[in-house]
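Enquirer: below: sequence and its predicted model.
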Amino acid sequence: MKTNGFTLVELLFTVAILAIVLTLGIPSMTDFIDRSRATTEHRELVKTVNLARSEAITRGLDVNLSALSGSDWEKGFRIWVDADGDATYDAGEELREFGAFRSNADLSVTSNVSNFTFTSEGFLNATPGTVFIFNYRTNPAHCSLDRNIRLRHTGHISVEERSCP
């Protein structure tokens, strides 16, 4: 007599194997997603800084990079040209706008700076020797994802991994 289908033992064995694979795989996948998101976010910031500097050089004008909301950089940022010269952002002056981080990461800048101005030579409009540090921080359980992003008055930017306490 030939039967089609699975026996109860075969079904239970398959479900047990599936449960083991999912138990091992889901935490790894979550960690992979967290790492990918953190890498994407701090790289987005670096690309944005480089774009603002490049636009200043290309246009031969001062170009600003500022947080969308006060000094809360993780809520988004924009690149803009101060067309009317009033030193404040006005609607229509943006060249590009970037939305908020999708993670719960915090992004702050030393001295709570909310605006950077790149000159037409590609330098920051800051005192020579000045270094600003963007502190990209995730939750304490993932401090290995944290980065210090250094922006020098020359306009050059570098990224370094933060040491976990």
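Expert: Here it is on my side, so go on.

Enquirer: for the rest of this, base every contact and every neighbour count on C-alpha atoms.
Expert: Fine.

Enquirer: mind listing the helices for the chain?
Expert: Assigned helices in the chain, in chain order: 8-59 (criterion: DSSP state H).

Enquirer: and the residue nearest the centre of it?
Expert: Nearest to the mean C-alpha position of the chain, by Cα atoms, centre = their mean, lies Glu41 at 2.2 Å.

Enquirer: does that residue touch Gly99 like I think?
Expert: No: with the criterion set as Cα atoms under 8 Å, Glu41 and Gly99 do not qualify as a contacting pair; they are 10.7 Å apart.

Enquirer: tally of neighbours for His92?
Expert: Slight slip there: residue 92 is Gly, not His. Applying other Cα atoms under 10 Å, we find 10 residues neighbouring Gly92.

Enquirer: distance of it from Arg78?
Expert: From Gly92 over to Arg78 the distance is 12 Å, taken as Cα to Cα, to the nearest Å.

Enquirer: now Leu95
Expert: On the measure of Cα to Cα, Leu95 and Arg78 end up 8 Å apart.

Enquirer: neighbour count winner among those two?
Expert: Counted by other Cα under 10 Å, Leu95 and Arg78 do not tie: Arg78 has more neighbours, with 22 against 14.

Enquirer: the more buried one reaches Leu68, doesn't it?
Expert: Yes: assessed by Cα under 8 Å, Arg78 is found in contact with Leu68 at 6.5 Å.

Enquirer: which ones are touching the spatially closest residue to Lys75 that is not a sequence neighbour?
Expert: Counting by Cα to Cα, 6 or more residues apart in numbering, Lys75 lies nearest to Ala100, which is 4.1 Å off, once chain neighbours are set aside. The contact partners of Ala100, taken as Cα atoms under 8 Å, 6 or more residues apart in numbering, are Glu74, Lys75, Gly76, Phe77.

Enquirer: format these as a markdown table; extra columns: distance to Asn125 and neighbour count.
Expert: Putting those into a markdown table (distance: Cα to Cα, whole Å; neighbours: other Cα atoms under 10 Å) gives the following:
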| residue | distance to Asn125 | neighbour count |
| --- | --- | --- |
| Glu74 | 23 | 22 |
| Lys75 | 24 | 17 |
| Gly76 | 22 | 18 |
| Phe77 | 18 | 23 |
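
Enquirer: I'm done for today, thanks for sticking with me.
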